[in-house]
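S.K.: predicted model and sequence below, questions to follow.
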Amino acid sequence: MKISFIGLGHMGAPMARNLVKAGHALVVFDIVKANVDALTAAGASAAKSPRECAAQGELVITMLPSSPHVKAVYLGGDGVLAGVAHGITVIDCSTIDPHTAREVAAQSLERGNPMADAPVSGGTGGAEAGTLTFMVGGTQQVFEHIAPILKAMGKNIVHCGACGTGQVAKICNNLLLGITMIGVAEAMNLGAALGIDTKVLAGIINTSSGRCWSSDTYNPYPGVMENVPAARGYTGGFGADLMLKDLGLAADAARQAKQSVVLGAAAQQLYQMFSAMGFGGKDFSAIINMYRTAQ
């Protein structure tokens, strides 16, 4: 299939490369020329705008930073919906608020283009390895149409329901992730301050009731695990500012639904403080340094 892929950042680029590896013909666009050049070197062809890119594909995939970017790329005069052929399915893999996902999907459908929101979980490692989880919102027909393509980039492809529910699943998951990472950071830092070997403590947590992904796969304490951001100065991975964005999306959605997210609000404030201190570009597990610095 000839696929238009727009957005070649830390997640989009490896996702696009996996599509090329799977034998698909890609035409790509990104505002950063170096990102486009890297994909053309891998076998893709380049477009000069989202409109030009979308016009060439039998399927369109976007991976963008935020809700305003999605609106601009889809609804702008030089955007996806201005160029895509009637009947072509479009997929947005960005993490945005459910309201925007539903709004853009409705406008896309009005122009004759079925749309799915399909945010991902698994981080840059999962994007590189092709093991992402896709949380898909859209009709059953659209889901069945796009699932084979998504399987070239992910391991778990889950139909969450109607348009917008993929985003609902993603923000709820990341709300919990932000909270649990802070919990693991507090526990690991407390253990270190009280004198236990942190590897011993992590081993106990990971075979006990405190075990979670933040402890057994992505432990934030330096020296506990290899091949995680904590082992390389908290570089790479999922940026703290991106976690802050997702916690903000959860807070906004909770406000609209009149639901309380007390721990989520506390996590949002802690990441806001961390970002204000100049550490928003570090991996989100670096939040443990808020506690280690306080010792």
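M.R.: Everything's here; your move. Residues are numbered from 1 along each chain as shown.

S.K.: and the longest strand for this protein?
M.R.: Assignment by DSSP state E gives strand 154-161 as the longest strand of the chain.

S.K.: got a list of what residue 45 touches?
M.R.: 25, 26, 27, 28 (C-beta atoms under 8 Å, 6 or more residues apart in numbering). C-beta: built from backbone N, CA, C; applies to glycine.

S.K.: what backbone torsions are found at residue 61?
M.R.: Residue 61 has phi and psi values of phi -130, psi 130 when expressed as degrees, to the nearest 10.

S.K.: ok, now residue 52?
M.R.: phi -60, psi -40.

S.K.: would you list the phi and psi of the nearest residue to it once chain neighbours are set aside?
M.R.: Nearest non-adjacent residue to residue 52, counting by C-beta to C-beta, 6 or more residues apart in numbering: residue 83, 6.3 Å away. Dihedral angles of residue 83 (phi, psi; degrees, to the nearest 10) stand at phi -120, psi -30.

S.K.: what's the burial count for residue 83?
M.R.: By other C-beta atoms under 10 Å, 20 other residues sit near residue 83.

S.K.: now it: how far from residue 112?
M.R.: From residue 83 across to residue 112, the span is 13 Å (C-beta to C-beta, to the nearest Å).

S.K.: and stretch 26-39, which residues are buried?
M.R.: 26, 27, 28, 29, 30, 35, 36, 38, 39 (16 or more other C-beta atoms under 10 Å).

S.K.: rounded mean pLDDT for it, please.
M.R.: For stretch 26-39, the mean per-residue pLDDT is 97.

S.K.: my read: the residue nearest to residue 52 touches residue 53, true?
M.R.: Yes: here residue 83 reaches residue 53: they are 7.4 Å apart, a contact under C-beta atoms under 8 Å.

S.K.: can you give me the strands in this structure?
M.R.: Going by DSSP E, the chain shows strands at 2-6, 25-29, 45-46, 59-62, 89-92, 115-117, 120-121, 132-137, 154-161.

S.K.: and these as JSON lines, adding distance to residue 184?
M.R.: Shown next, in JSON lines, are those (distance: least, C-beta to C-beta, whole Å):
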{"stretch": "strand 2-6", "distance to residue 184": "35"}
{"stretch": "strand 25-29", "distance to residue 184": "37"}
{"stretch": "strand 45-46", "distance to residue 184": "42"}
{"stretch": "strand 59-62", "distance to residue 184": "33"}
{"stretch": "strand 89-92", "distance to residue 184": "31"}
{"stretch": "strand 115-117", "distance to residue 184": "29"}
{"stretch": "strand 120-121", "distance to residue 184": "18"}
{"stretch": "strand 132-137", "distance to residue 184": "21"}
{"stretch": "strand 154-161", "distance to residue 184": "23"}
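
S.K.: most packed of these?
M.R.: Mean neighbours per residue, mean count of other C-beta atoms under 10 Å, is largest over the strands of the chain for strand 115-117, with a mean of 29.

S.K.: ok, residue 159 - contacts?
M.R.: 136, 138, 140, 143.

S.K.: please apply the same query to residue 246.
M.R.: Shown in contact with residue 246 (C-beta under 8 Å, 6+ apart): 95, 170, 171, 174, 175, 178.

S.K.: now tabulate those in a markdown table and tack on pLDDT and neighbour count.
M.R.: Formatted as a markdown table, those follow (pLDDT from 0 to 100; neighbours: other C-beta atoms under 10 Å):
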| residue | pLDDT | neighbour count |
| --- | --- | --- |
| 95 | 95 | 28 |
| 170 | 96 | 29 |
| 171 | 96 | 26 |
| 174 | 95 | 23 |
| 175 | 97 | 23 |
| 178 | 98 | 26 |
